[in-house]
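Engineer: fold the following and give me the result.
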Amino acid sequence: MKIYKNFQFKLFILQTLIIVSILSLFATISLNSMVSYTESELESRLNSDRENLEEKINLNLYNIENSMSFLLNSNELKNFDINKFDIIVQNIISNTPIITQIYIMDKNGMQIYKSSYLDSLGNRADRDYFQKAINGEKFFSDVIISRSTNESIAVYAAPIKSKNKIIGVLGCSINLNFLSENLSYSNGSISISQDMYGFIVDREGTVIAHPNKDFVFQRLNLYYLEPVKEALSGNSGIGNYIFENANKIVSFGKLENTGWGVFVQVPQETAFKGVSILKKLHFVLFVILIITSILISYFASKYMKKPISNILNMISQFENQRAIIIKTSTRDDEFGIIENSFIDMANTITEDQNQLELRITQRTEELTKTMDELMNAQNKIMLTEKMNSLNKFISSLAHEINTPLGNTLTSVTFTETVLSDLITSIENGKLSKTIFVNKLMNMIESVEIIKDQVIKSKNLLDIITSLNTNDSSTCNTIPCTKLTPYLKQYEFDLSTLIYNTEHIINMDIHLPEDFCIIYPEKLLQILKILITNSVEHAFPKNFKGIIDIIITKDDNFLYISYSNNGNNIPDDYINHIFEPFFKGNMGGTGKGLGLTILYELVVQFFEGEIYCKNLDSEGVEFKIMIPIIHLINTSCEFCNLD
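Structural biologist: Okay, the predicted model is just below:
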């Protein structure tokens, strides 16, 4: 027995799968809980740290505003005592690290004082901070390049007023390096790791402060990051972004008084480091438990297999010997009960089997006798049906032949009478020219009738003869003909069938030029029958009929698709159109044998298939499939072409 069919193996696999499933479920729930807890704690801590950072930044900005407000209200500025004003400014700069320098601009934007004493007292009218302040607004600018130091700075500007009129602008440069130095939290309350830090961007997304001061110097723009867009739009929360191929988790918000975005971020790998360690511990524990469960499953299945093996041995013995089992189990547990129950069942089955075999033998003999009787009855029924069909065919055929023969006999008798009267008139000398002419005309009419009926009889005889589609010739002795040139050659012959009508025949042949077959005349006869049938039955008088013929092939079959746009065939007739002498009420002068001959040619002669159906709107379609093997001469090199 193959190992995968062994009961112990299946039991072992089942137990192992159950234990593994339980352990996997426990591990999944545990890890998911750990991840959820870590995410919740991380979100809470990041938001808290970002709020603390915002407070810290706001405090620095408040110091700036407070210092600038003090200067705006000082008598030294109002009296424009530059020496005393400079002493106050230098004191403020030394005690306020976030301010690097302070300057005054007149109402035209020209700098008239700068605390650094640099010689770059130029016009600052083009700066947005000056334009905002000269219009009466206190304004924190975005990052700009200082024209005196060529470094990245931000500016706080406020209007200088005298007698409620704005006479100039007081501005100060914000120390972005000082801001950057306050964004690292390795010693703060929010420290998760040294990789955690904050950063600030201006209203355009350009970095104002960052632990990496090169980003400030380079004026790195981070507006493309989704959390930056969210923060500058006035939203706050937790987000994710990828920077320099590292996944980051960030808390974002916006400073209301400056419009700057504030962020506290931590690498995702660092944030979930505890989860990664827990995953490794889970994996080690999982492997240990799997090995333990495999050992437990093995010994448990081995213990449970022993009584099952006894039962399997008894089953094998019963199958091979078909003997009544006398031995009973010595076990008194559940498996012993199963063994004894099986023994009782086996004994009962053996007795029932013997009875069943006896009954089967008896029923087989009765069934054989009944089948012989049914076969005899069926043969009689089939013979009766064949005789009835033959009688019906002979009766119909006799009727069709009797009509032209009766008409012919009547015309001959009439002609005989006319001749007798003519002879009598000659003998009596009473034959006048008028009587002679009238008698001759009567005989001519009678002869025409006889001629017409004889032609009809001849045609009927030809039809009956053509019903015999058997051909004693073999394919190897019949010459082959290239079908496409043959059909094109006889295309005019087909067109004569619609002579003196407005009907149109469209023939589309998709065959290789060298495709060669035997019996091309039979295919031509099939097309003639279909066209004649359409002209007589499908197209009403004065109707412009259209006939479409498409001929194609593949490796196994020749396909003929024939359709017209004439009348549909009534549903009651369409299943009988191939029966001999069936005419229905479709009119026409045919004998009802055309489609019968078509069926015999396709099905009997070529061993093909033919189907007929009405088209949805109007017209009828015939589909014909003829096996290529019945069209080719196996000794012809052209017929064997694929």
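Engineer: so for the strand or helix carrying residue 365, what's the average pLDDT?
Structural biologist: Here residue 365, judged by DSSP states H and E, is contained in helix 334-427. Helix 334-427 carries an average pLDDT of 71.
Engineer: pull the CA atoms of stretch 247-264 into CSV?
Structural biologist: What follows is stretch 247-264 as a C-alpha-only set of coordinates in CSV (Å, rounded to 0.1, in the frame of the first residue of the first chain):
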residue,chain,number,x,y,z
ASN,A,247,10.0,54.2,4.8
LYS,A,248,9.1,56.8,7.3
ILE,A,249,6.2,57.3,9.7
VAL,A,250,5.5,60.9,10.5
SER,A,251,3.2,63.1,12.6
PHE,A,252,2.4,66.3,10.8
GLY,A,253,0.7,69.7,11.7
LYS,A,254,0.8,73.4,10.9
LEU,A,255,1.9,76.5,12.8
GLU,A,256,-1.0,78.9,12.6
ASN,A,257,1.0,82.1,13.1
THR,A,258,3.6,81.3,10.3
GLY,A,259,1.8,78.8,8.1
TRP,A,260,4.9,76.5,8.4
GLY,A,261,4.6,72.7,8.5
VAL,A,262,5.9,70.9,11.5
PHE,A,263,6.8,67.2,11.4
VAL,A,264,8.2,64.5,13.7
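Engineer: buried residues in it?
Structural biologist: For stretch 247-264, the neighbour count (16 or more other CB atoms under 10 Å) marks 248-255, 258, 260-264 as buried. Any C-beta I mention is one placed from the backbone N, CA and C, and that applies to glycine too.
Engineer: try stretch 62-79
Structural biologist: Under 16+ other CB under 10 Å, the buried positions of stretch 62-79 are 63, 64, 65, 67, 68, 71, 76, 77.
Engineer: likewise stretch 517-536?
Structural biologist: Using 16+ other CB under 10 Å as the test for burial, stretch 517-536 gives 517-520, 522-524, 526-531, 533-535.
Engineer: chain center to that stretch: distance?
Structural biologist: Mean-position distance between stretch 517-536 and its chain equals 45 Å (CA atoms, centre = their mean, to the nearest Å).
Engineer: same check, this time on stretch 619-626
Structural biologist: 34 Å.
Engineer: which residues touch it?
Structural biologist: With CB atoms under 8 Å, 6 or more residues apart in numbering as the test, stretch 619-626 has contacts from 526, 530, 534, 538, 557-569, 602, 606, 608-615.
Engineer: ok, and for stretch 554-572, which residues are buried?
Structural biologist: Across stretch 554-572, burial judged by 16+ other CB under 10 Å covers 557, 558, 560, 562, 563, 564, 565, 566, 567, 568, 569.
Engineer: most widely separated two among those residues?
Structural biologist: For the buried residues of stretch 554-572, the farthest-apart pair by CB to CB is 557 and 567; their separation is 29.4 Å.
Engineer: keeping just the C-alphas, turn the helix or strand harbouring residue 94 into CSV.
Structural biologist: Using DSSP H and E, residue 94 sits within helix 82-95. The C-alpha trace of helix 82-95 is given here as CSV (Å, rounded to 0.1, in the frame of the first residue of the first chain):
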residue,chain,number,x,y,z
ILE,A,82,21.2,104.8,16.1
ASN,A,83,24.0,104.4,18.7
LYS,A,84,21.7,103.7,21.6
PHE,A,85,19.4,101.6,19.4
ASP,A,86,22.3,99.5,18.3
ILE,A,87,23.3,98.9,21.9
ILE,A,88,19.8,97.5,22.6
VAL,A,89,19.8,95.4,19.4
GLN,A,90,23.2,93.8,20.1
ASN,A,91,22.0,93.0,23.6
ILE,A,92,18.9,91.3,22.2
ILE,A,93,20.9,89.4,19.6
SER,A,94,23.3,88.1,22.2
ASN,A,95,20.5,86.9,24.5
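Engineer: report the angle between the very next helix or strand once past it and helix 82-95.
Structural biologist: Note on helix 82-95: by DSSP H and E, the next helix or strand toward the C-terminus is strand 99-106. Using axes from the mean of the first three to the mean of the last three CA atoms, to 10 degrees, the inter-axis angle of strand 99-106 relative to helix 82-95 is 150 degrees.
Engineer: from the middle of its chain, how far away would strand 99-106 be?
Structural biologist: Distance of strand 99-106 from the chain centroid (CA atoms, centre = their mean) equals 69 Å.
Engineer: what's in contact with that strand?
Structural biologist: Here strand 99-106 has contacts from 64, 67-68, 71, 77, 89, 92-93, 111-116, 124, 130, 153, 160, 167-175, using CB under 8 Å, 6+ apart.
Engineer: just give the strands next to it in its sheet, each with its orientation.
Structural biologist: Strand 99-106 sits in its sheet next to strand 111-114 (antiparallel), strand 165-174 (antiparallel), going by DSSP bridges.
Engineer: JSON lines for those, including mean pLDDT and mean neighbour count?
Structural biologist: Shown next, in JSON lines, are the strands paired with strand 99-106 (pLDDT from 0 to 100; neighbours: other CB atoms under 10 Å):
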{"stretch": "strand 111-114", "mean pLDDT": "88", "mean neighbour count": "18"}
{"stretch": "strand 165-174", "mean pLDDT": "92", "mean neighbour count": "21"}
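Engineer: redo the buried residues of stretch 62-79 as a markdown table? Include distance to residue 240.
Structural biologist: What follows is these, written out as a markdown table (distance: CB to CB, whole Å):
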| residue | distance to residue 240 |
| --- | --- |
| 63 | 34 |
| 64 | 33 |
| 65 | 35 |
| 67 | 39 |
| 68 | 38 |
| 71 | 44 |
| 76 | 52 |
| 77 | 49 |
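Engineer: biggest separation within those residues, which pair?
Structural biologist: The farthest-apart pair in those, when distances are taken by CB to CB, is 63 and 76, at 19.8 Å.
Engineer: re earlier: just put the buried residues of stretch 247-264 in CSV and tack on secondary structure and pLDDT.
Structural biologist: Listed next are the buried residues of stretch 247-264 as CSV, based on DSSP: H, G, I helix; E, B strand; the rest coil; pLDDT from 0 to 100:
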residue, secondary structure, pLDDT
248, strand, 90
249, strand, 91
250, strand, 92
251, strand, 92
252, strand, 94
253, strand, 94
254, strand, 93
255, coil, 91
258, coil, 90
260, coil, 93
261, strand, 94
262, strand, 93
263, strand, 93
264, strand, 91
